[in-house]
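Peer 1: My questions are about this predicted structure, shown below with the sequence.
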Protein chains: 2
Amino acid sequence: MTNPYENFFNPSSVAIVGATEKPGSLPGIILKNLLDMRFSGKIYPVNPKYKNVFGLECFPSILDIQDEVVLTVIAIPAPLVLDVLKQQALKHIHHSIIISAGFREMGAEGVGMEERIRQLVIENSIHVIGPNCLGVLDNYTNFTTSFLPWERVSKPKKGSLSILSQSGAFAIALLDLAAQEGLGIAKMVNYGNRIDVGESSLLPFLADDMNTKVIAIYMESVDHGREFIEVAKTCSRKKPIVALKVGKGAAGIAAAKSHTGAIAGRYEIYKAAFLKSGIIEANGLEEFIDGVKALSMQNPPLGNRILIVTNGGGFGVIVTDYCSENGLEVPPPSPQLKEKLRSKFSRFYVVNNPVDLTGSACDEDYHIALNTCMIESNEYDAAIIIPLMAPQGMTEKVVDLITNTMKASGKPAVICTVGGAFTTKIKQLFEDRNFPVYPSPERSARAMAMLLKRKILQDGMHLSV
Amino acid sequence: MTNPYENFFNPSSVAIVGATEKPGSLPGIILKNLLDMRFSGKIYPVNPKYKNVFGLECFPSILDIQDEVVLTVIAIPAPLVLDVLKQQALKHIHHSIIISAGFREMGAEGVGMEERIRQLVIENSIHVIGPNCLGVLDNYTNFTTSFLPWERVSKPKKGSLSILSQSGAFAIALLDLAAQEGLGIAKMVNYGNRIDVGESSLLPFLADDMNTKVIAIYMESVDHGREFIEVAKTCSRKKPIVALKVGKGAAGIAAAKSHTGAIAGRYEIYKAAFLKSGIIEANGLEEFIDGVKALSMQNPPLGNRILIVTNGGGFGVIVTDYCSENGLEVPPPSPQLKEKLRSKFSRFYVVNNPVDLTGSACDEDYHIALNTCMIESNEYDAAIIIPLMAPQGMTEKVVDLITNTMKASGKPAVICTVGGAFTTKIKQLFEDRNFPVYPSPERSARAMAMLLKRKILQDGMHLSV
């Protein structure tokens, strides 16, 4: 039997309540986005004012639709939502995504409306995402309830990352960043005020979702503390989960309360819960996207011995600093390995760790360094590779030389490179081959540390089973 | 009398030793870069093999040039450098930039060659930048000794930031990043092995340099500890200095030694020296470029009370977290100020700090929030403004509304926004108006913290005068 949550992401039939062609109307944009994305399920616009919307037959109310409907999308003013849900209950529609804002986040009156809705959906077994949210995006079924026009938000390609986010703005920013970073997305869910569906019910669903390999969660608060830890523990045994917890200090907690009415709670409790359930915590938006990118593209290393290969000595030094800061070792090569490298390289090159190929480096030198240290020898578990593209000896051939050698080694690598248009092109080529590229030494070291954290958590979870 | 160091950046006449049209030769690329940049001083190619190089008369040796020469640029193999300097001494040329590598960083033999050169230049009063370096770039005189082709490295526009860097790769990366970030550059100096000219002699020069307003230093080690602190203290009274110290832990110190032969020394000593001399320390490449960008574009705030204005609640929460982490306060508005804001805004907006204009925000709302909180009231010293461009109410008009209001307030601001192509355009518009834009909440908060640090250091220096 398929999971009933499938109806949120791949509904065979969906009613869009309030649909209109008027520019700027939320239900109108949602409908237009669905049509633009060529969603293949049946779509029923609902609005008593029209007979047709964007060429589709429009129904005065949900009850006027004769066929079966499995999901409603509600994006009309808050005071009107309850009546729609009552109709939906009569028609036995068991799924609803409520986009509308104006509930708990607006104070006492909103809390009252939200409570009445919660009562109704419990009594009628309606699963609800929202209210006060963007809803979902499924990149495989082409279903979305996003009301943002795709001209403004870049749509990322299909991929293996799924995003759970309490914040809508954050979910959108992550989609935009993913598109920029060449990172493919499976599903996105933004649940806003979260009267029903939240992390604790979505994690088991994503754990079984074929298209999802890595899960990213933005959270201000969590829905059900103890249950969350249990489901996260089960899920993270199968797939890495990276969390960004916001609302940490007193000021941030107050800001979170204003935002989604969430009680952010003591940060230390979250930290302990993440550790217990095998969740990798990110510090800030960039570490969040960097970490999920690394975990989506590379496997965790088996140990923490990192080889650094660079053609810019200063970059090697900073990466070394940040490796140390993040629990990664940068051990020097053994005398035998040094001898081997020396015999293959110009006497100008610095044979150590970092291996510094200097500004005289050419593409093939990267292959030699990686082949000698990562394949012929077993002294390192992973590599941070820094191909700066300014020197003339560097061409785009370096991409295949590096990625093929690393693939042959079976060990993970992350790339650090900084520069203008040519470097941007090289970044793209690396990421097309699933090697994540970072624009600063500190971010490349931290991304490698996230990969290692996954390994440590896996080992810990294995022991505790 | 002009400072003799002017001859490194604006030589009336320069000899390029080893000049050739052969592709890939360093002296050849340096000469070509100078011609491409339309440097207006006299250029004398020196090479016994040619009569002409790139259309300029070529001389067999320095001694064959009849006219006065104020600077030599030497980019020939290390063992040949000493002889050139001997000739230069005979012709009383008192400045030299030695690009050549193969000295101290190569071990004992290199140390010997470097020592003989050091002896000779001391005896003959020759000021030397290098060896093992890229030398200089002056964006106002169009003089450079960079041997990297400008197709590979973006050339930043003219501006007020000057860069001192022990690492060549780092200097280049900073130029590239500056170009990407819309940050203008005055001078860049990369001194590599630093047998003569280093931070301690360049800081007083830059302190008096009209075009330089902010100084960025990348250092693995420092040339003369006590002298450095003294000159840095004097210089930082006039202009902000931001330093990135690398080679911090044991592994990083070892890597720095391999790189430029530098003894990085204990990090704690550097930390204390920075504090004493009014230098702002950056943690990592991104904080380094972010900080100098903020200091180049905005003035320090008079206090630490930060207003946050956002149209994405989640972003407001994270910026709040990172403000707290970095010593910035995010106090709520007074009851009077809240009342004032409420009377002007939709009831959906969250009137607090952060001011959350929600996804319904339009351009004018930013003006209202900033005008009310930063001009009509005096409760805040600076603003972090988050205009996410995904919602339809946001247009490029928001840029002038925000920047004009902030200019009228006389208080500093930094911008945080995340997104694709449209957001990139908006970023450009803000930075054209000297408002720095950052792509993540944590970076915007840290950049504001760097501005505040400058204020605190200024106050501290004032007291200690």
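Peer 2: Sure, I can see it.

Peer 1: How much space separates the residue lying closest to residue A:345 once chain neighbours are set aside from residue A:337?
Peer 2: Among residues not flanking residue A:345 along the chain, residue A:351 sits closest, at 6.5 Å (CB to CB, 6 or more residues apart in numbering or on different chains). The way it works is simple: take the backbone N, C-alpha and C, and place the C-beta from them, glycine included. When distance is defined by CB to CB, to the nearest Å, residue A:351 is 9 Å away from residue A:337.

Peer 1: First-to-last residue distance for stretch A:71-88?
Peer 2: 9 Å (CA to CA, to the nearest Å).

Peer 1: Please point out which parts of that stretch sit buried.
Peer 2: Buried residues in stretch A:71-88, defined by neighbour count with 16 or more other CB atoms under 10 Å in any protein chain shown: A:71, A:72, A:73, A:74, A:75, A:76, A:78, A:81, A:84, A:85, A:87, A:88.

Peer 1: Can you tell me which of the residues you listed is nearest chain B?
Peer 2: Chain B lies nearest to residue A:78 out of the buried residues of stretch A:71-88, by CB to the nearest CB, at 10.0 Å.

Peer 1: What are the phi and psi values at the closest one?
Peer 2: Main-chain dihedrals, residue A:78, degrees, to the nearest 10: phi -50, psi -50.

Peer 1: Do you know the pLDDT at it?
Peer 2: pLDDT recorded at residue A:78 is 94.

Peer 1: give the contact list for it.
Peer 2: Going by CB atoms under 8 Å, 6 or more residues apart in numbering or on different chains, residue A:78 touches A:100, A:101, A:102, A:103, A:110, A:113, A:131.

Peer 1: ranking the residues you listed by neighbours, who comes first?
Peer 2: Ranked by neighbour count (other CB atoms under 10 Å in any protein chain shown), these have residue A:131 at the top, with 28 neighbours.

Peer 1: Tell me who's in contact with the closest residue to residue A:168 other than its chain neighbours.
Peer 2: Leaving out its chain neighbours, the residue that sits closest to residue A:168 by CB to CB, 6+ apart is residue A:134, at 4.4 Å. With contact taken as CB under 8 Å, 6+ apart, residue A:134 is in contact with A:99, A:145, A:146, A:147, A:148, A:168, A:171, A:172, A:190, A:192.

Peer 1: by contact count, what packs against the host helix or strand of residue A:404?
Peer 2: Element membership for residue A:404, per DSSP states H and E: helix A:397-409. In terms of contacts (3 or more CB pairs under 8 Å, 6 or more residues apart in numbering or on different chains; DSSP states H and E), helix A:397-409 is packed against helix A:363-370, strand A:382-386, strand A:413-416, helix A:421-432.

Peer 1: tell me the angle the longest one makes with helix A:397-409.
Peer 2: Using axes from the mean of the first three to the mean of the last three CA atoms, to 10 degrees, one finds that helix A:421-432 and helix A:397-409 are set 20 degrees apart in direction.

Peer 1: after helix A:421-432, next one along is what?
Peer 2: Per DSSP H and E, the first helix or strand lying C-terminal to helix A:421-432 is strand A:437-438.

Peer 1: on that earlier part again, from what I can see the residue nearest to residue A:345 touches residue A:343, true?
Peer 2: No - under the criterion of CB atoms under 8 Å, residue A:351 is not in contact with residue A:343, lying 9.7 Å apart.

Peer 1: quick one, which of these two is more surrounded?
Peer 2: Neighbour totals were compared for residue A:351 and residue A:343, and residue A:351 leads with 20 against 9 (other CB under 10 Å).

Peer 1: could you dump stretch A:6-24 to PDB, C-alpha only?
Peer 2: The C-alpha trace of stretch A:6-24 is given here as PDB (Å, rounded to 0.1, in the frame of the first residue of the first chain):
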ATOM      1  CA  GLU A   6       1.900  10.500  -1.500                       C
ATOM      2  CA  ASN A   7      -1.300  12.500  -2.100                       C
ATOM      3  CA  PHE A   8       0.600  15.600  -1.100                       C
ATOM      4  CA  PHE A   9       3.200  15.200  -3.700                       C
ATOM      5  CA  ASN A  10       1.600  13.200  -6.500                       C
ATOM      6  CA  PRO A  11      -2.200  13.700  -6.200                       C
ATOM      7  CA  SER A  12      -4.200  12.000  -8.900                       C
ATOM      8  CA  SER A  13      -6.700  14.900  -8.600                       C
ATOM      9  CA  VAL A  14      -6.400  18.300  -6.900                       C
ATOM     10  CA  ALA A  15      -8.800  21.200  -6.300                       C
ATOM     11  CA  ILE A  16      -7.400  24.700  -6.400                       C
ATOM     12  CA  VAL A  17      -9.700  26.800  -4.300                       C
ATOM     13  CA  GLY A  18     -10.100  30.400  -5.300                       C
ATOM     14  CA  ALA A  19      -8.500  29.900  -8.700                       C
ATOM     15  CA  THR A  20      -8.600  32.900 -11.000                       C
ATOM     16  CA  GLU A  21      -6.700  34.400 -13.900                       C
ATOM     17  CA  LYS A  22      -6.300  37.800 -12.000                       C
ATOM     18  CA  PRO A  23      -2.600  38.700 -11.900                       C
ATOM     19  CA  GLY A  24      -1.200  38.600  -8.400                       C
END
